[in-house]
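Asks: model the structure of this input:
(one chain, ligands or ions: 1)
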Amino acid sequence: MPKIENEKRRNWFLDRVGTMVYRNKTKCECSLCNFFYSEGVLILDHTHAMYLFDAENAHNNEGIPFRYFETIDERDEYENLLERMNNQ
Ligand SMILES: [Zn+2]
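Replies: Take a look at the predicted model:
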């Protein structure tokens, strides 16, 4: 990811401390992943925001599409897009 994009994304997480964010489903079926998928994740503080930012990058660096969104609708839209790409 280019540096500026990365910086913008980092700030996206920092700007949302204290709010809920929603992530797409990955292949992991553990209870924690299932819980965060259905309930969303409350960004607790600066450290947590950076943890989520790092996790997002780590997944994508491994080729696993993984992204947090402000709303469930945006998340669902992203998942539909991924599904369409997979079915091409
Ligand atoms: Zn998991």
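
Asks: contacts, neighbours, all on C-alpha from now
Replies: OK.

Asks: now do the lengthiest strand in the chain: everything it contacts.
Replies: Taking DSSP state E as the criterion, the chain has its longest strand at strand 20-23. The contact list for strand 20-23 (Cα atoms under 8 Å, 6 or more residues apart in numbering) reads 36-37, 39-43, 66-72, 75.

Asks: that strand: what's the following helix or strand?
Replies: Remark: after strand 20-23, the chain's next helix or strand is helix 31-39, criterion DSSP states H and E.

Asks: by contact count, what packs against whichever helix or strand comes after that next one?
Replies: Once the chain leaves helix 31-39, the next helix or strand it forms, by DSSP H and E, is strand 41-42. Contact here means 3 or more Cα pairs under 8 Å, 6 or more residues apart in numbering; DSSP states H and E; on that basis strand 41-42 packs against strand 20-23.

Asks: the strand it packs on near the ion at all?
Replies: No: using Cα under 5 Å from the ion, strand 20-23 stays clear of the ion, with a minimum separation of 12.2 Å.
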